[in-house]
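Asks: When you get a sec, could you give me coordinates for this:
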Amino acid sequence: MFAWKEERTLTSNLTVQYDKVLFMLEPNEVTRPLARQRVTIVDYPDGRIAIRHKGRELPFRTFDKLQKVNQAAIVENKRLGEVLAYIAARQKEQTEGRSKKAPRRQGQRSGICSRSVERFSR
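Replies: As a prediction, this is how the structure comes out:
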């Protein structure tokens with residue numbers, strides 16, 4: 001199967017950035033010793049991403065810096081409506097896009113990290 005592969009170095013916090021998305025490895029007995037080690041990011045044509053170290057796939061969460069605010073979130077949460085409307089307006093002004101290097105169509109990533117959404121809804 002064809003896939004785009006890139007080598008990256010994990011931070012001491014077990015994070016790695018690829019295509020303007022921050023990937024956070026789940027801290028466990030396998031991933032903790034990998035701080036500052038090289039990992040391989042595998043970007044499949046169907047939009048899936050895998051992070052591997054020596055052939056072993058590692059569990060991770062994502063935080064997408066370019067993700068858009070869902071309009072339904074603005075309607076559902078009236079207290080934060082003004083804040084979310086402001087964020088949506090700023091995102092419309094944003095001209096920054098994904099990397100052109102990796103072969104992918106726009107809009108194939110899943111949503112914002114659930115912790116980020118929880119932080120806004122409190």
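
Asks: Out of the helices and strands in the chain, which is least certain?
Replies: Within the chain, confidence by mean pLDDT, DSSP states H and E is lowest for helix 114-121 among all helices and strands, at a mean of 45.

Asks: so where do the strands sit in the protein?
Replies: Under the criterion DSSP state E, the chain carries strands at the ranges 4-9, 15-18, 21-25, 38-43, 49-53, 56-57, 60-64.

Asks: okay, the ones you listed in TSV with mean pLDDT next?
Replies: As requested, these are exported to TSV (pLDDT from 0 to 100):
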stretch	mean pLDDT
strand 4-9	94
strand 15-18	93
strand 21-25	92
strand 38-43	96
strand 49-53	95
strand 56-57	94
strand 60-64	85
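
Asks: do you know how far R56 is from A88?
Replies: Relative to A88, R56 is positioned 40 Å away (Cβ to Cβ, to the nearest Å). For every residue, glycine as well, the C-beta is placed using N, CA and C.
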